[in-house]
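Participant: structure here, sequence nowhere to be found:
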């Protein structure tokens, strides 16, 4: 699935993020986070849900604890 917003294109199938013609390099974890947030954009996603979905219950980020 491809999502377009402003000058960005987020291609979930190819796991690519583009700004105009330029590809933006993101880590796999960041890509998964963006993908999850875009797919759930119609609602508020809580911290605990993100930790479960993206980090499988473990999180090294002190801001999310």
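Facilitator: It's in. All values derive from a computational prediction rather than experimental measurement.

Participant: what comes up buried for the lowest-mean-pLDDT helix or strand in the chain?
Facilitator: Here the helix or strand of the chain ranked lowest by mean pLDDT, DSSP states H and E is helix 47-54, holding a mean of 88. Residues of helix 47-54 classed as buried by neighbour count (16 or more other CB atoms under 10 Å): 50-51, 54. All C-beta atoms are positioned from the backbone trio N, CA, C, and that covers glycine.

Participant: okay, those residues in a markdown table with distance to residue 36 next?
Facilitator: As requested, the buried residues of helix 47-54 are exported to a markdown table (distance: CB to CB, whole Å):
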| residue | distance to residue 36 |
| --- | --- |
| 50 | 7 |
| 51 | 11 |
| 54 | 6 |
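
Participant: which of those residues sits closest to residue 13?
Facilitator: residue 54 (18.8 Å; CB to CB).

Participant: what about the helices in the protein?
Facilitator: Assigned by DSSP state H, the helices in the chain fall at 28-39, 47-54.

Participant: okay, those helices in a markdown table with distance to residue 21 next?
Facilitator: Converted to a markdown table, the helices of the chain look like this (distance: least, CB to CB, whole Å):
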| stretch | distance to residue 21 |
| --- | --- |
| helix 28-39 | 19 |
| helix 47-54 | 29 |
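
Participant: out of these, flag the one nearest residue 18.
Facilitator: helix 28-39 (12.5 Å).

Participant: let me see the mean pLDDT of that closest one.
Facilitator: Predicted confidence along helix 28-39 averages 94 (mean pLDDT).

Participant: what are the contacting residues of that helix?
Facilitator: 3, 10, 12, 15, 17, 26, 45, 50, 53-54 (CB atoms under 8 Å, 6 or more residues apart in numbering).

Participant: buried residues of that helix, list them for me.
Facilitator: By 16+ other CB under 10 Å, the buried positions in helix 28-39 come out as 31, 33, 35.

Participant: residue 41: which of these is nearest?
Facilitator: Closest to residue 41, out of all of these and judged by CB to CB, is residue 35, at 10.9 Å.
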